[in-house]
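Visitor: Sequence and predicted structure, then a few things I'm wondering about:
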Amino acid sequence: MTTSKLNSTDPHGNGDASLPCSLPDNKFSDSLTLFHSEKAVQELLQQTPIQHTDDHLIEFSEALRTVAKALKQAAEGKAFAQAEAAEWKRRFELERAQNQQLEHKGKSPGECNGDINAQRMENSTNQPMLRNEANEQSENCCTNGLCSHEILHDGETDSHAKAVQNKMMRKVHSITCLDGNQLVLASFKLSWWCKGDISDQHKHDIVSFERGNITTAGRSSKQISLKWESNPQTVLVMTKPNSTSVQILCAEMIRWMKEHKKLNIYVEPRVMGELLSESSYFNFVQTWKDEKEILSLHTKVDLVVTLGGDGTVLWAASMFKGPVPPIVSFSLGSLGFMTPFHSEQYRDCLDSILKGPISITLRHRMQCHVIRDAAKNEYETEEPILVLNEVTIDRGISSFLANLECYCDNSFVTRVQGDGLILSTTSGSTAYSLGAGGSMVHPQVPGILFTPICPHSLSFRPLILPEHVTIRVQVPFNSRSPAWASFDGKDRKQLAAGDALVCSMAPWPVPTACQIDSTNDFLRSIHDGLHWNLRKTQSVDGPQDL
Ligand SMILES: NC(=O)c1ccc[n+]([C@@H]2O[C@H](COP(=O)([O-])OP(=O)(O)OC[C@H]3O[C@@H](n4cnc5c(N)ncnc54)[C@H](O)[C@@H]3O)[C@@H](O)[C@H]2O)c1
Ligand SMILES: Nc1ncnc2c1ncn2[C@@H]1O[C@H](COP(=O)(O)OP(=O)(O)OP(=O)(O)O)[C@@H](O)[C@H]1O
């Protein structure tokens with residue numbers, strides 16, 4: 001009987017609804033009648049409703065404790081905010097006193113419009129000033145020739161800026177917010193800063209300043225044009241291996257360049273062998289014997305011609321560990337994001353390229369240093385590797401999640417937990433990074449793409465960081481497995497716990513010749529290569545919203 005009772009539950013699922021014990025508290029005394037028999041007592045003790053009543057009380061007291069905790073936190077927060085406000089007020093008072101002192105000492109701070117400044121000080125202490133009133137006054141300040149916002153003209157300040165500098169520079173814009181709090185705008189200067197270079201040597205006159213407007217006279221990336229100052233004389237031809245059509249075209253092109261353009265030709269040792277096995281005619285073609293000669297190749301070669309797909313461009317770029325000669329890429333692959341020239345028209349193309357001028361895309365490369373945990377210092381690294389597309393840090397064959405700590409200029413970025421991470425150039429944005437959900441970026445945009453591969457987190461969206469940063473990817477000591485780095489899809493290197501990969505932009509970009517210009521070539525490559533946003537146009541006949 002008891003069992004069947006216990007099985008029937010009240011609407012809240014709290015056990016036997018018919019038992020007195022399950023009644024509300026004021027009926028609880030009635031249940032004492034059950035104590036007439038020992039058996040009943042035992043039954044009662046076994047029954048869960050009492051237990052549930054206790055549970056409710058416990059729950060209730062816990063809820064009260066939570067509310068008390070929240071109230072305490074709110075009070076603490078309020079106290080903290082009050083302390084912070086008091087500190088800001090103290091700083092403001094101090095700064096105001098200093099400025100008033102300066103104003104009394106000389107006319108300089110208020111020279112531009114001392115009356116306005118004085119009036120502003122007055123306003124700031126006595127009554128709240130409306131935001132647009134304050135703006136109006138700060139604009140007046142600028143139109144009168146001096147302003148607290150001042151920009152260095154790349155090393156040399158112009159006469160206006162110098163004049164301003166000579167007069168005491170620190171003036172104060174005070175704006176009163178609608179809530180009555182005072183905001184004091186500090187004066188500032190803008191100048192380009194080059195990492196590791198505090199001299200003005202590499203600064204360019206890009207930021208200008210006029211009447212409070214910050215403007216840039218030039219942009220960091222524009223269409224670049226190459227004009228030969230002397231005729232190119234030596235061409236290096238690089239080809240995709242194991243392709244008969246490429247081999248035939250290569251021989252034909254070399255013959256044409258020698259006979260019609262009187263050019264010296266370099267090829268890789270493999271291609272040299274192929275050419276000589278075809279005919280001794282190619283005896284004039286040069287090649288190299290060892291790594292040392294490859295290192296000086298850029299001093300001998302004016303132009304590189306590639307016959308293949310994007311992989312051949314990557315291969316050609318990887319030959320140059322420093323400066324790279326301009327590359328002309330003929331498309332002989334299935335895709336061609338970096339190969340804008342059609343091989344059928346090679347004569348016309350080479351003709352106009354050898355004459356110049358030509359549009360160039362400067363494709364920036366990243367240099368990657370592997371720093372071993374065992375290394376004694378940051379400078380003890382393995383040979384840096386230059387990548388044109390990307391460096392990938394992944395879990396390799398391990399079935400564990402890759403665990404990578406990422407820093408950008410020593411600021412912690414995130415911990416990657418997933419299949420891995422791609423650090424890509426903008427040229428590489430249409431390659432692996434795109435497959436991992438990264439954005440497509442015009443190759444002239446200066447930036448580094450930070451694209452996770454299958455992250456085990458819903459909120460891990462890809463980032464694009466500015467090109468001047470240094471990114472450090474560290475395998476933490478608590479990582480379950482080593483990570484693997486690969487460079488433009490090649491040269492895999494193991495990164496053990498404690499090892500790091502440090503990447504920054506390399507000073508040697510890869511100049512690739514454009515068929516039309518950088519933008520046209522980029523858009524054509526994503527239209528032709530990826531069929532980007534290809535959709536039939538909707539016809540006009542149908543419902544209309546006119
Ligand atoms: N899941 C992926 O998307 C994936 C995986 C591995 C490697 N890759 C890419 O392959 C590259 C190596 O190329 P490969 O030719 O030596 O190897 P591959 O022969 O395996 O070809 C890879 C493909 O990537 C294309 N590709 C290369 N660079 C490109 C670029 N900048 N923009 C658009 N497509 C590009 C090539 O045209 C080729 O079709 C790596 O740098 C990496 O970006 C992509
Ligand atoms: N000169 C070379 N020496 C050795 N390997 C090369 C050379 N040129 C290209 N490769 C390699 O050959 C592979 C294929 O080259 P590429 O991408 O140019 O041709 P593809 O695969 O036919 O082109 P696509 O991917 O557009 O179809 C790449 O992995 C590349 O690294």
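Guide: Perfect, I can see it now. Numbering: from 1, shown residues only. Ligands and ions are numbered 1, 2, ... in the order given.
Visitor: in the stretch 201-350 of the chain, which spans are helices?
Guide: Taking DSSP state H, counting those that start in this stretch, the helices of the stretch 201-350 of the chain run over residues 244-261, 269-278, 291-295, 310-318, 346-355.
Visitor: go on, the chain?
Guide: 2-7, 38-46, 48-105, 114-126, 131-143, 159-166, 244-261, 269-278, 291-295, 310-318, 346-355, 432-435, 518-530 (DSSP state H).
Visitor: Identify the bridge partners of the closest residue to K493 other than its chain neighbours.
Guide: Excluding the flanking residues, the one nearest K493 by Cβ to Cβ, 6 or more residues apart in numbering is A485, at 4.9 Å. Placement of C-beta: from N, CA and C, glycine included. Beta bridges link A485 to I393, K493, judged by DSSP bridges.
Visitor: Look up how far ligand 2 lies from A485.
Guide: 17 Å (Cβ to the nearest ligand atom, to the nearest Å).
Visitor: Pretty sure that residue sits against G396.
Guide: No - between A485 and G396 there is no contact, the gap being 9.6 Å when judged by Cβ atoms under 8 Å.
Visitor: Quickly list what's touching both of these two.
Guide: By Cβ atoms under 8 Å, 6 or more residues apart in numbering, A485 and G396 have these common neighbours: R492.
Visitor: These two: which has the busier surroundings?
Guide: Between A485 and G396, counted using other Cβ atoms under 10 Å, the more crowded position is A485 (25 against 18).
Visitor: Now do the contacts for that one.
Guide: By Cβ under 8 Å, 6+ apart, the contact set of A485 is C368, V370, V391, T392, I393, R492, K493, L495, L501.
Visitor: how about 10 Å then?
Guide: Taking Cβ atoms under 10 Å, 6 or more residues apart in numbering, we find A485 in contact with 368, 370, 385, 391-394, 396, 420-421, 423, 473, 475, 491-495, 499, 501, 503.
Visitor: List the ones among these that fall in strands.
Guide: Judged by DSSP state E, the contacts of A485 include 368, 370, 385, 391-394, 420-421, 423, 473, 491-495, 501, 503 as members of strands.
Visitor: what about this protein, any weak spots by pLDDT?
Guide: Within the chain, the stretches with pLDDT under 70 are 1-53, 102-221, 378-381.
Visitor: Repeat the analysis, applying 50 as the threshold.
Guide: The model of the chain has pLDDT under 50 over residues 1-38, 41, 48-50, 107-177, 198, 200-206.
Visitor: Point out the most buried one among the helices of the stretch 201-350 of the chain.
Guide: Highest mean neighbour count among these (mean count of other Cβ atoms under 10 Å): helix 310-318, with a mean of 23.
Visitor: which strands and helices sit next to that helix?
Guide: On a contact count with 3 or more Cβ pairs under 10 Å, 6 or more residues apart in numbering; DSSP states H and E, helix 310-318 meets strand 234-239, strand 303-308, strand 327-331, strand 385-387, strand 490-495, strand 510-513.
Visitor: Please convert these to TSV, extending it with distance to Q100.
Guide: Supplementary listing: these in TSV, determined by distance: least, Cβ to Cβ, whole Å:
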stretch	distance to Q100
strand 234-239	71
strand 303-308	67
strand 327-331	64
strand 385-387	58
strand 490-495	59
strand 510-513	58
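Visitor: Run through the residues of this structure sitting next to ligand 2.
Guide: By Cβ under 6 Å from any ligand atom, the part of the chain that sits against ligand 2 consists of 238-241, 268, 308-312, 314-315, 333-336.
Visitor: in the protein, what residue is nearest ligand 1?
Guide: Closest approach of the chain to ligand 1 (Cβ to the nearest ligand atom) occurs at G311, with a separation of 2.4 Å.
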